[in-house]
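Asks: structure, please.
(chains A and B)
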Amino acid sequence: MMEYVVRFFVGGLVVSLFSMLGDTLRPKSFAGLLGAAPSVALATLGIAVYLHGAAYAGAQSVAMLAGAIALGVYSVIVCHLLVRSGLRAMTATAIALPVWLIIAFGLLALAGRFQ
Amino acid sequence: MVDNRFWSAGACRTLPMTPIRFSPSSLRQGRWYEYLFRFGLGGIATAFAGMVASQLGASIGGLFLALPALFCASATLVEKHEVRRKREAGLVGERRGKNAAALEAAGAAMGSVGMLAFGLVFSSLVERDVSAAFIAASMTWVAVSVACWLLRRRMRSLRRSARAARPRDT
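Replies: Numbers count the residues shown, from 1 in each chain, chains lettered A, B, ... in the order given. Modelled structure (predicted):
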């Protein structure tokens, strides 16, 4: 349980720092780079190295590649939904979420890395 | 308002481009509960990624390091801030809010290329030197993301210049 409490606080802190940095940058498309900052990754990989060792963190970071590709496709879809369909940000980001799941898990399956 | 213009990159000869600015005063636009919300969401996403990894293995857990939950929150807040700002100026601001969120999404798409590079560098270095892996991967994320953003801006600017230079049909 203590491990998850530590994860919560470390993750919350790192994510908040990246978000605040994003708030202070202009133009908005540049600040948007922070929307795909590896904030959760930094916190999680740091804890993974400490608790399970470098090889475990390495395996996580390899799987993260599939998540990052899915995030790229997801962001493009959200961008088009917002510009072309007139949906609100919350609706557009929620509707596109299954795309992230399908691509991320699909790529992981293709790479044969389900463990 | 304190605006520190620290960098104006890739200046185009024909069309002016918005410089990259650092504006700490923008932090005042946010409400305390929004910061609390992002802290909570970041904490939950990190704890969730750890939980998935311990239950289903490092690979499936690793996928959730790139979960777009934070991007969802960030885009929603950007839209909300823009609408609020326009309403305070007596305008509706709905369209402007959606455009601001769309720009955030375009930025996130380029940031995800940086995240991909982060993962590649980290996975190739972590078993040799943990500190070097964190430092090199973070620097790679910054360099690749910014390079993608500059490249896109340059291409848009060139396209606009070409369009402006094209003779009009009568």
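
Asks: what average pLDDT does stretch B:148-164 get?
Replies: For stretch B:148-164, mean pLDDT is 89.

Asks: figure out how far it is from the centre of its chain.
Replies: With C-alpha atoms, centre = their mean, to the nearest Å as the basis, stretch B:148-164 stands 19 Å off its chain's centre.

Asks: and that stretch, what's buried?
Replies: Residues of stretch B:148-164 classed as buried by neighbour count (16 or more other C-beta atoms under 10 Å in any protein chain shown): B:148-149, B:153, B:157. C-beta here means a position set from N, CA and C on the backbone, and glycine is covered the same way.

Asks: so which of the residues you listed also contact chain A?
Replies: Contacts with chain A within these, counted by C-beta under 8 Å from any C-beta of the partner chain: B:149, B:153.

Asks: relative to chain A, which of the buried residues of stretch B:148-164 is nearest.
Replies: residue B:149 (5.8 Å; C-beta to the nearest C-beta).

Asks: ok, for that closest one, nearest residue in space, not its chain neighbours?
Replies: Nearest residue to residue B:149, sequence neighbours excluded (C-beta to C-beta, 6 or more residues apart in numbering or on different chains): residue B:110, at 5.1 Å.

Asks: helix/strand/coil for that neighbour?
Replies: Using DSSP: H, G, I helix; E, B strand; the rest coil, the structure places residue B:110 in helix.

Asks: pLDDT at it, what is it?
Replies: Looking at residue B:110, the pLDDT reads 92.

Asks: swap in the one 10 residues further on?
Replies: At residue B:120, the pLDDT value in this model is 96.

Asks: same thing with residue B:2?
Replies: At residue B:2, pLDDT is 39.

Asks: quick revisit: among the buried residues of stretch B:148-164, which lie within helices?
Replies: By the criterion of DSSP state H, membership of the buried residues of stretch B:148-164 in helices covers B:148-149, B:153, B:157.

Asks: which one of these is nearest residue A:28?
Replies: Set against residue A:28, the nearest of those by C-beta to C-beta is residue B:149 (11.4 Å).

Asks: how about low-confidence regions in the chain?
Replies: This is for chain A. A:113-115 (pLDDT under 70).

Asks: correction: the question concerned chain B.
Replies: For chain B (pLDDT under 70), the answer is B:1-17, B:167-170.

Asks: in it, which residue sits nearest chain A?
Replies: Closest point on chain B to chain A, by C-beta to the nearest C-beta, is residue B:107, at 1.8 Å.

Asks: having no further points to raise, I will conclude here.
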